[in-house]
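Trainee: The sequence and its predicted three-dimensional model are supplied below.
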Amino acid sequence: MIAQLTIQERQSALMILGGLALAGLALAVAGGQDLLAAHGWLTVVCALAGLFYVISGYFEPEPSPERLARYYDEPTKAGVVIAMIWAIAGLFVGDWVAWQLVFPDLAFEGAWSSFGRLRPIHTSGVIFGFGGNALIATSFHVMQRATRARLPDQITPWFVLLGYNLFCVIAATGYLMGVTQSKEYAEPEWYADIWLAIVWVTYFLLFLRTLARRQEPHIYVANWYYMAFILLVAVLHVVNNLAVPISFGSAKSYSVFSGVQDAMTQWWYGHNAVAFFLTAGFLGMLYYFLPVRAGRPIYSYRMSIISFWGITFMYMWAGSHHLHFTALPQWVQTLGMTFSVMLLVPSWASASNALMTLNGAWTKVRDDATLRFMTVAAIFYGISTFEGSFMAIRAVNSLSHYTDWTIGHVHAGALGWVAMITFGSIYALVPKLWNLDTMYSGRLVELHFWLALSGTLVYVFAMWNSGIIQGLMWRSYTEAGTLSYSFIDSLVAMHPYYIARAVGGLLFLLGALVGFYNIVMTIRTASAAQDESDAPVLGAAVQAGE
Amino acid sequence: MFGFHYRLERSAMGLVLAVIAAGSVGGLIEIAPLFTIDETVEKAADMRVYTPLELAGRNIYIREGCYACHSQMIRTLRDEVDRYGPYSLAVESQYDHPMLWGSKRTGPDLARVGGKYSDQWHVAHMINPRDVVPVSKMPRYGWLAQNTLETEDLGLHLKAQRRVGVPYTDEMIANAQADAYGQTAPDSEHAKGVAQRYGEATQVRAFDGDPGRVTEMDAMVAYLQILGRLTDAAHSPADKTAEAKR
């Protein structure tokens, strides 16, 4: 890897890693006995390992100028593998906590292993670890292809990818130790948030620098989505995480927002993490990999425009549907509900645009499990956005809120849409990256597809059932006008569904393991000689690097 | 419109600005007014701040991720009011940085759990939930009773809370550590200071049943016992008209 960096880049790598080691040391010293120190030392260890690695390759020959005529795909390769590792870790923890709801003592009386601490490892592991790495990896690939320009340098993509993973590791280890600010999907504490902000701004600049070097006059729709994802996630992250640490030697901080304002800010963030992380970014993937794999152009340019701006504008209003019938003022709830319902238009425009693109390629969908992953993803995208708009209606929400129906909805989106489009894209991408025609085993892709689909269906149907039963039991009255069921009655009724859910999750996890094995074997099959990047740019030469 | 877009998508900065413009409107219109419109949060004269011990308990509640399964927000629905008590008011979480309204009820809502059970029940429930609720799915938290509560930095906690808008006085900040101890030791001289600073109604007792030592269990139970009792606003007569309407 170091051989790909120029001498100047190796020097900047040493400086960045040295700076990181010092920052980690500062946290470790300031932290003293606090948990902050553990993360300080963790940072020091990571930075020192990086320093050692760079120094060990420092005197390797410089990369040849010929590299500039090719795309730079090494960070994408690493990102794909890292994403799959996070997928397995995140899904494993998810299934573990699912079994804890069946057998509560599976926490083994540990503090670190209780549901409350493991749950954010599951959510962050799959959203940020798996999803985030897949987004970064594919965005590097797509931004180069759709602009016909090489990444501007060799070091920034590595900084973004590895820096982002440092954030993920700090987040996950923090939850184990009990470091959390309790904001859902924004649990990491202030120092991790600052680090992520630095990495994210660098990511955005890298994106802009690549766009500035583009050979294509038009920016392709996939890149609009990646842009909205990077840009607006930065805005959401910074605003929702504004907090005052109790001291610079402590991991603990207090959010600047409280009560109702905090609830609104948190769910403005939370829902738009769904919008711009789990939707916009993955639509970027869809708009590139689906047409490429199907060998068909996107069905409608105009529908792409309508859905992109509809999503970008309307999602930001929708967060308050998480707070129906709460102490949040009614007018904000009504706005949130209204925009959530309207969101169905751009969402279904995207989903149908994807499915219409497949017209003329349905035989491929039948034969090619990779393309089928993407097709099913588009269908689940349509289903879960319909369900989302439906659940945002106040009357429906009064039943569904606080129940497992929400969990079912989230997983229809996360497993059926986000994970499926990612697996499909990865299976399309991996053979290309390693200069092969196909994956190591097409039958294993097929097996993964059926495991993933059946796991998703079992999971989602279990949670739909349990959620609706829960909601109905909570609001049932006897003829005498008293509540029919105690809370614990509803919990007992959940038991069979919790078993089914854990089984569904297990199937999905097995699928991911099969996928990981297949990817590893594909990489091993690829000839070691093809270490460099894949095919050179078509037509005009790529712009020279900086 | 599509012709305009055909030109717009040729400019990276144009797209960036357009995305920022389109993406900012919703948040600005929905969030900013919540800070300026007075009716957003009711006034409650009797609303008090958390004692240092309760705040420490709240931080343990956050640390353990209790909010993943328990909400603290009773909605304005008949069955919720019948089950949990008066619906939650904005003022009740006015000093909650961050709020813990939650999003999921794997376990019941806790917004008004304060006073509903005895301290002994809570301690037994934490040690093994299935001892008191045989079909419970909650993890065990017995080790809270073994862990001594970290009280040294409570002053810093109160100070940071004041910085984000919670009205802790200098005196409260200076006595934070002593007050945490005092609240668990009714016979000590520190107990008086707690009542003086946080009100006579403040619950002062050995929450974990062991007056000698301030444990994380003390803090946790003290926090659970104050939930829904920082103010009487939700029970007050002024609210009855709203109830009648319902």
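Mentor: Cool, the structure landed.
Trainee: ok now do the residue in chain B that chain A sits nearest to, which residues does it touch?
Mentor: Closest to chain A within chain B is B:Gly65: 2.6 Å, counting by C-beta to the nearest C-beta. Any C-beta I mention is one placed from the backbone N, CA and C, and that applies to glycine too. If you count contacts by C-beta atoms under 8 Å, 6 or more residues apart in numbering or on different chains, B:Gly65 has them with A:114-117, A:119-120, A:175, A:180, A:182.
Trainee: near chain B too, which of those residues?
Mentor: Subset of the contacts of B:Gly65 in contact with chain B: A:114-117, A:119-120, A:175, A:180, A:182, counting by C-beta under 8 Å from any C-beta of the partner chain.
Trainee: Going through these, which ones are buried?
Mentor: Neighbour-count burial (16 or more other C-beta atoms under 10 Å in any protein chain shown) applied to the ones next to chain B among the contacts of B:Gly65 gives A:114-117, A:119-120, A:175, A:180, A:182.
Trainee: Just name the closest of those to B:Ala124, please.
Mentor: Proximity of these to B:Ala124 (C-beta to C-beta) peaks at A:Ser114, which lies at 17.7 Å.
Trainee: List the contacts of the residue nearest to that closest one when sequence neighbours are not counted.
Mentor: Once flanking residues are discounted, A:Ser114 sits nearest to B:Pro139: 4.0 Å by C-beta to C-beta, 6 or more residues apart in numbering or on different chains. By C-beta under 8 Å, 6+ apart, the contact set of B:Pro139 is A:100, A:104, A:107, A:114-116, B:129.
Trainee: taking these one by one, which sit in strands?
Mentor: Among those, none falls in strands (DSSP state E).
Trainee: TSV for those residues, including pLDDT and distance to A:Tyr288?
Mentor: Below are those laid out as TSV (pLDDT from 0 to 100; distance: C-beta to C-beta, whole Å):
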residue	pLDDT	distance to A:Tyr288
A:Gln100	97	39
A:Pro104	94	44
A:Ala107	91	42
A:Ser114	96	41
A:Phe115	97	38
A:Gly116	97	39
B:Pro129	97	49
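Trainee: can I assume A:Thr265 sits in a strand?
Mentor: No: assigned with DSSP: H, G, I helix; E, B strand; the rest coil, A:Thr265 falls outside any strand and is helix.
Trainee: tell me, how many neighbours does it end up with?
Mentor: 26 (other C-beta atoms under 10 Å in any protein chain shown).
Trainee: Just confirm it contacts A:Val239, I think it does.
Mentor: Yes: using C-beta atoms under 8 Å, A:Thr265 is in contact with A:Val239, at 6.7 Å.
Trainee: I'd like the distance from B:Ala174 to A:Ile468, if you could.
Mentor: 54 Å (C-beta to C-beta, to the nearest Å).
Trainee: Likewise for A:Asp262?
Mentor: 30 Å.
Trainee: out of these two, which sits in the more crowded spot?
Mentor: A direct count of neighbours by other C-beta under 10 Å for A:Asp262 and A:Ile468 places A:Asp262 higher, at 22 against 16.
Trainee: Assess the claim that the more buried one and B:Tyr95 are in contact.
Mentor: No: counting by C-beta under 8 Å, A:Asp262 stays clear of B:Tyr95, with 10.9 Å between them.
Trainee: Out of the contacts of B:Pro139, flag the one nearest to B:His122.
Mentor: Of all the contacts of B:Pro139, B:Pro129 has the smallest distance to B:His122: 10.5 Å, by C-beta to C-beta.
Trainee: Can you name the residues that contact the closest one?
Mentor: A:104, B:136, B:138-140 are the contacts of B:Pro129 under C-beta under 8 Å, 6+ apart.
Trainee: what helix or strand is residue 27 on?
Mentor: No chain was given, so I picked chain A. In this structure, A:Leu27 sits in helix A:7-31 according to DSSP states H and E.
Trainee: not what I meant, chain B
Mentor: helix B:12-36.
Trainee: Inside helices: which ones of the contacts of B:Pro139?
Mentor: A:100, A:115-116, B:129 (DSSP state H).
Trainee: List the contacts of the closest residue to A:Trp112 other than its chain neighbours.
Mentor: The shortest distance from A:Trp112 to any residue other than its chain neighbours is 4.6 Å, reached at A:Leu176 (C-beta to C-beta, 6+ apart). Applying C-beta under 8 Å, 6+ apart to A:Leu176 gives the contacts A:112, A:117, A:121.
Trainee: Tell me how many other residues crowd the first one.
Mentor: Translated: A:Trp112. 14.
Trainee: Pop out the phi and psi values for it.
Mentor: phi -70, psi -30 (degrees, to the nearest 10).
Trainee: Do I have it right that it meets A:Thr173?
Mentor: No: counting by C-beta under 8 Å, A:Trp112 does not reach A:Thr173; the two are 9.9 Å apart.
Trainee: mind listing what residue 44 touches?
Mentor: Using chain A. A:21, A:24-25, A:28.
Trainee: that's the other chain; I wanted chain B
Mentor: Neighbouring residues of B:Ala44 by C-beta under 8 Å, 6+ apart: B:89, B:91, B:231-233.
Trainee: Next one: A:Phe229 relative to chain B, how far apart?
Mentor: 10 Å (C-beta to the nearest C-beta, to the nearest Å).
Trainee: I'd like the distance between A:Gly319 and chain B.
Mentor: For A:Gly319, the distance to chain B (C-beta to the nearest C-beta) stands at 7 Å.
Trainee: ok now do that residue, which residues does it touch?
Mentor: Residues near A:Gly319 by C-beta under 8 Å, 6+ apart: A:264, A:267-272, A:336, B:30.
Trainee: Dump these to TSV, plus neighbour count, distance to A:Phe449 and pLDDT.
Mentor: Below are the contacts of A:Gly319 laid out as TSV (neighbours: other C-beta atoms under 10 Å in any protein chain shown; distance: C-beta to C-beta, whole Å; pLDDT from 0 to 100):
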residue	neighbour count	distance to A:Phe449	pLDDT
A:Met264	27	40	97
A:Trp267	25	34	97
A:Trp268	25	36	97
A:Tyr269	23	33	97
A:Gly270	19	30	97
A:His271	24	30	96
A:Asn272	26	30	95
A:Gly336	28	36	97
B:Glu30	25	40	95
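Trainee: could I get those as CSV with distance to B:Val16?
Mentor: Output for the contacts of A:Gly319, formatted as CSV (distance: C-beta to C-beta, whole Å):
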residue, distance to B:Val16
A:Met264, 26
A:Trp267, 26
A:Trp268, 21
A:Tyr269, 21
A:Gly270, 24
A:His271, 23
A:Asn272, 17
A:Gly336, 27
B:Glu30, 23
